[in-house]
Each structure stands twice: as structure tokens, then as C-alpha cells.
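Asker: just coords:
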């Protein structure tokens, strides 16, 4: 790899910023136009040493940050129908010996390769039907976009998307080797984007939904290599939208929101999946509690209606209650907002707040629901070692104070202290958009941790990696790294320690 001496590299990069800013100033969107980072398909780059723009890479930050998200929302001059439809691309940033190396590559799914060869869109997806004659709706109904999350295993990286199998990639080069059935995903079984990994046992839990007039919930337990070692299947009421679940001590818990697929328009090809989803609050939120050892049902319950994409964490408290932290919406307007993100202009307000549910696991009865924070909350997460266990801190994406949430994508990150019930925010400044905050434990000091986020700066149309001290989120980043090309707004990532 060609290496440039650090000082001159930093100077060259910094010198390029003003000219880039001048060249793109007239193209930059007005405030409220959310997706300039998504306006054009992302540009891949090979393994590249990243320039340090400010600060210093912490000595104890050793490992790799991986992020996944929709990087191409257009082909052949046609825009895709929903943010969820974009082709997935993976960013890997490896920290080794005070040097950071980045690589960015599209996941080479078969659908991506077919469309690239044809120079046009061929498939339907979450928010679009297949282009062309009506019979395309049945011949090419859906493409595995591999665009939602990543799972780092000892010998491979999985690009996850909940409507199909994961794709396996090389941990260093991000070269795609193809779909992976993990030794158990047979007969069309799907594997969700939101696994839960128990750092104490190494076990990995996940699920997938098999469609039907009444969908089937498939639950998987894997060993630390990702190989599926146990499965169970349960029939659900209709076809609900299930995106995430909770690991809480000895339990796995599903909250099934009152969103159901209207099957007929979907089957005959006149509606896409997203537009076939209906908010039916009369159904309430259904609860399914599973024993993590046997994967058998412990209880079923029902509570008031809400919608969630993501949970922060779950655990069992001293009284035996299951505690669940959740990014909770009052309705399903969030789906319309996310559809608008793909168009570049949003106008639908969809606020989620950080809430906490207390659940009796043996009966499935909710004993209380409280709002922890009356601020927008998305992508809540906890340090990896605390998944399924009590965690003092919850990290999240949010909005800067005063932001019209119907007009923007998330533009701040924060840490909620569950002990003191206080929020510490990182305000990145105007027209800067951070990804979901990822917690990275220091390899040298167990009391030290770092928060990593990929920032799109609309002021200069550039992307950077920002590193914060986890205890000083409201201070300046300890380090900023430049990236060779713009990284479109992404969904989920993970930290893989060295």
C-alpha cells in the first residue's frame, strides 16, 4: 500500500477542502433537504490510509468499525421507491498501530450484479414493484439488498437484510463470497438484521419471518462461529412487521406491533410491500416470551398499541421482571417519513421517544410503561458486553435542539445515563449528520471506551470518522479522520475488537 507521510497527507487533504466546498456550494441543498449524501450512488474505494484531520487516534483503540447502509438509490435514471431499497455497501475502518485504513465496497449480491450488467432496475423491493410489465411482479418480485446491518464472525463478515439470507464477505477486503445459510437456513428461511450476541457465552440469537396467510416466526440460536445449532418456529397472527427483538437474561422477547400486511394487493402485484402495510391499533401490541435455552414459549401477552423499529436493551431485574428499553412511536408515520428520505425532501413528522417497559415474563403481562426521555430517539444501543444485562448507559441518535424533525435526518448523538437519568449530547454543528453511535472498548484500559460515528458534512460534501471519549460526548472529538468519498447515510454497524 502506498503510504504518504502523515503531516503532508493532512495538509494536502485540508487544502482540498476549500476547493471542494467552492465547487459544491451551489449544489448543496437548502436546509430541510435531507439526502444530499444519498443523491448519487456512492463511490467505492480500495484499502486506503485515512488522513488524520485533527487530534490523535487513541492508543487503545484497536479493531475494526464496520457499517452497512443503502448506498445506491438510483439506476438508469430511475429512483428507488424507499430508503430501504438501496443496494448495500459496507465501510470498514481498521485501527492498527495508530494508523486507520478504510475500505468501502458494495455487497455483490446476484441482484446487484444483474442490474449493474443491465444498466437498469430489474427487481422489486420493500418500497417498489419490479419495473416493466405486470408479470415482472411475479418473476422478479424482490432483491436481497444486503443493506441493513453487519455481523462480524471469526472468519467472515455477514451483511444482513431481513428478507433473505446473509451475504458473507472477507473481513479485510470486503470481497463478497455469496449467500451463507449458516448451516441451517434451508427452504427459504430468512435471517434478520438484528441479531443479539451474548458476550459471556458467545451465543448469537436471531430470527426470520416466513410469509403466509399467517406468518411463521423462526428463531435461531448459533454458536460463536455463527453456525445455527438450534431452531424453533411459531405461527403469528397475520403478517406483522417485526424488525427487532430483545435478549433479556434467560429470555428472548418479541413485541409484535399492530402493523399487518394487506396480502391481496401484494400478491397480485399492484402494491409493494411498504404500501401494503396497514396500521391497525385495535390489535394492540402482542408479546411473545421465549426461553433462550429451549426456545420454547414461556408466555404470550398483549398491551397497548405502539410501533418500534429498534430496542435499546433488555434485562431481568432483581424482582424477576423483564425490563425493556425501546425507541417508541405512537403510530406508523415513520414508514412514510423513511419513504420520503429516498426522495430528498421530507415533510412527515415521526417522533420516537426512549421508553421503558416492565414485563412479567411468566404471564406476558406488562406492569408499567414509562417514558425515560421526551426527546427523539433512534438506533438506541448499549456496549456489547451489556447486551441482555443491565447497562448504565444507552447510546442513541437524536436531533439537535430546535430541529424540525419532519425536515431532517438525525443530526446529533447522545448518551442517556440510566442511573442519573441525564442526557449528554454531542452537537456536531449545523448540516452535519452522524451515523448511529458505536461503542468501542479500549484494549488497554477497561475503564476507558470510545464512541465512533461516521459523519456526513453537507457544508463541504465530505464524510469523516469522528471518535469521541465515551465519557465526554459533549466535548470535541479526540480524533477526526477523512474518508476518500461520501458515505451515504447508513443504518447499522458494529465494532470488532482486535
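Answerer: Sure thing, it's come through. The structure displayed is predicted, hence computed values, not measured ones.
Asker: shouldn't residue 369 be in contact with residue 356?
Answerer: Yes. With contacts defined as Cβ atoms under 8 Å, residue 369 counts as touching residue 356 at a distance of 7.3 Å. Where C-beta positions appear, they are placed from N, C-alpha and C, glycine not excepted.
Asker: in the sheet, who's paired with residue 328?
Answerer: Judged by DSSP bridges, the bridge partners of residue 328 are residue 308, residue 353.
Asker: Kindly apply the preceding question to residue 360 instead.
Answerer: Beta-bridge partners, per DSSP bridges, of residue 360: residue 365.
Asker: With the one 10 residues further on instead?
Answerer: Taking DSSP bridges, one finds residue 356 as the beta-bridge partners of residue 370.
Asker: Count the neighbours of it for me.
Answerer: Counted with other Cβ atoms under 10 Å, the neighbours of residue 370 add up to 9.
Asker: Who are the contact partners of it?
Answerer: 355-356, 358 (Cβ atoms under 8 Å, 6 or more residues apart in numbering).
Asker: Also residue 67?
Answerer: The contact partners of residue 67, by Cβ under 8 Å, 6+ apart, come to 90-91, 150, 435, 438, 454, 487, 490, 492-493.
Asker: Let's verify it: helix, strand, or coil?
Answerer: The three-state assignment at residue 67 reads strand, by DSSP: H, G, I helix; E, B strand; the rest coil.
Asker: The nearest residue to it once chain neighbours are set aside is in what secondary structure piece?
Answerer: Nearest residue to residue 67, sequence neighbours excluded (Cβ to Cβ, 6 or more residues apart in numbering): residue 493, at 3.7 Å. Taking DSSP states H and E as the criterion, residue 493 maps to strand 492-497.
Asker: Check which residues of that strand are buried.
Answerer: Residues 492-496 are the ones in strand 492-497 that count as buried (16 or more other Cβ atoms under 10 Å).
Asker: Likewise for stretch 86-102?
Answerer: Burial within stretch 86-102, assessed by neighbour count using 16+ other Cβ under 10 Å, is assigned to 86-95, 100-102.
Asker: Equivalent analysis for stretch 337-350, please.
Answerer: 337-343, 346, 348, 350.
Asker: cool, and stretch 477-490?
Answerer: Burial within stretch 477-490, assessed by neighbour count using 16+ other Cβ under 10 Å, is assigned to 477-484, 486-490.
Asker: Can you tell me which of these end up in strands?
Answerer: Cross-referencing the buried residues of stretch 477-490 against strands under DSSP state E gives 479-482.
Asker: Quick one: find the helix or strand in the protein with the lowest mean pLDDT.
Answerer: When each helix and strand of the chain is scored by mean pLDDT, DSSP states H and E, helix 6-24 comes last, with a mean of 34.
Asker: So which elements touch the helix or strand following that one?
Answerer: Toward the C-terminal end, the helix or strand that comes next after helix 6-24 (DSSP H and E) is strand 45-49. Other helices and strands packing on strand 45-49, by 3 or more Cβ pairs under 8 Å, 6 or more residues apart in numbering; DSSP states H and E, are strand 99-106.
Asker: Looking at the contacts of residue 67, spot the one nearest residue 460.
Answerer: Residue 460 lies nearest to residue 487 out of the contacts of residue 67, by Cβ to Cβ, at 13.6 Å.
Asker: So that closest one sits against residue 104, correct?
Answerer: Yes. Contact criterion Cβ under 8 Å: residue 487 and residue 104 qualify, at 6.8 Å.
Asker: any residues in contact with both of these two?
Answerer: Common contacts of residue 487 and residue 104 (Cβ under 8 Å, 6+ apart): 42, 91.
Asker: For my notes, confirm residue 335 occurs in a strand.
Answerer: No. Residue 335 is assigned helix when assessed by three-state DSSP, not a strand.
Asker: Residue 219 bridge partners, please.
Answerer: Taking DSSP bridges as the rule, residue 219 bridges to residue 207, residue 232.
Asker: how close does it sit to residue 418?
Answerer: Going from residue 219 to residue 418 by Cβ to Cβ, to the nearest Å gives 28 Å.
Asker: ditto for residue 65
Answerer: Counting by Cβ to Cβ, the gap from residue 65 to residue 418 is 25 Å.
Asker: now residue 382
Answerer: Residue 382 sits 9 Å away from residue 418, going by Cβ to Cβ.
Asker: Residues contacting stretch 412-431, please?
Answerer: With Cβ under 8 Å, 6+ apart, stretch 412-431 has contacts from 31, 354, 372-373, 375, 391-400, 411, 434, 436-437, 451, 453, 455, 457-459, 466, 468, 470, 473-474.
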